[in-house]
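*Asks:* missing the sequence, but the structure's below:
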């Protein structure tokens, strides 16, 4: 994902802008990371340079939980415990 996308991305659920970015892996572009909406506590993974900004009903719970577990040391505790639509609690 290009950093310049942050200027136009908003939460698909509550429309809040800007989203908070946490980068896990970066090369020429952001390879892995997470976008966080501080308004509604929804989070969106960045996987293989692609920001997955899907609404709740289109998300895959098993994939999202696996993503949270893989990167739990880099994701804020608030998202791990209270993030929407899925968390580790």
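*Replies:* Thanks, I have the structure now. Values in this document were obtained by computation on a predicted structure and should not be read as measured data.
*Asks:* Surely residue 55 and residue 13 touch.
*Replies:* Yes: using CB atoms under 8 Å, residue 55 is in contact with residue 13, at 6.1 Å. Any C-beta I mention is one placed from the backbone N, CA and C, and that applies to glycine too.
*Asks:* between these two, who's got more neighbours?
*Replies:* residue 13 (17 against 11; other CB atoms under 10 Å).
*Asks:* what about residue 88, which helix or strand?
*Replies:* Counting by DSSP states H and E, no helix or strand carries residue 88.
*Asks:* now what about stretch 74-87, what contacts it?
*Replies:* 22, 24, 34, 36, 40-43, 56, 59, 61, 64-65, 68, 72, 88-89 (CB atoms under 8 Å, 6 or more residues apart in numbering).
*Asks:* Counting neighbours, show which residues of it come out buried.
*Replies:* 75, 79-80, 83, 86-87 (16 or more other CB atoms under 10 Å).
*Asks:* Including distance to residue 5 and secondary structure, could those go into TSV?
*Replies:* Supplementary listing: the buried residues of stretch 74-87 in TSV, determined by distance: CB to CB, whole Å; DSSP: H, G, I helix; E, B strand; the rest coil:
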residue	distance to residue 5	secondary structure
75	20	coil
79	20	helix
80	24	helix
83	21	coil
86	23	coil
87	25	coil
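*Asks:* what two of those are the furthest from one another?
*Replies:* 75 and 86 (12.1 Å; CB to CB).
*Asks:* List the contacts of residue 21.
*Replies:* Residue 21 neighbours (CB under 8 Å, 6+ apart): 3, 6, 30, 33-36.
*Asks:* Are any of the contacts of stretch 74-87 buried, and if so which?
*Replies:* 22, 24, 34, 36, 41-43, 59, 64, 68.
*Asks:* Filter those residues down to just the ones in strands.
*Replies:* 22, 24, 34, 36, 43 (DSSP state E).
*Asks:* can you pull the pLDDT of the residue of the chain positioned farthest from its centre?
*Replies:* In the chain, residue 28 marks the outermost C-alpha relative to the chain mean, sitting 19.5 Å out by CA atoms, centre = their mean. Predicted confidence (pLDDT) for residue 28: 95.
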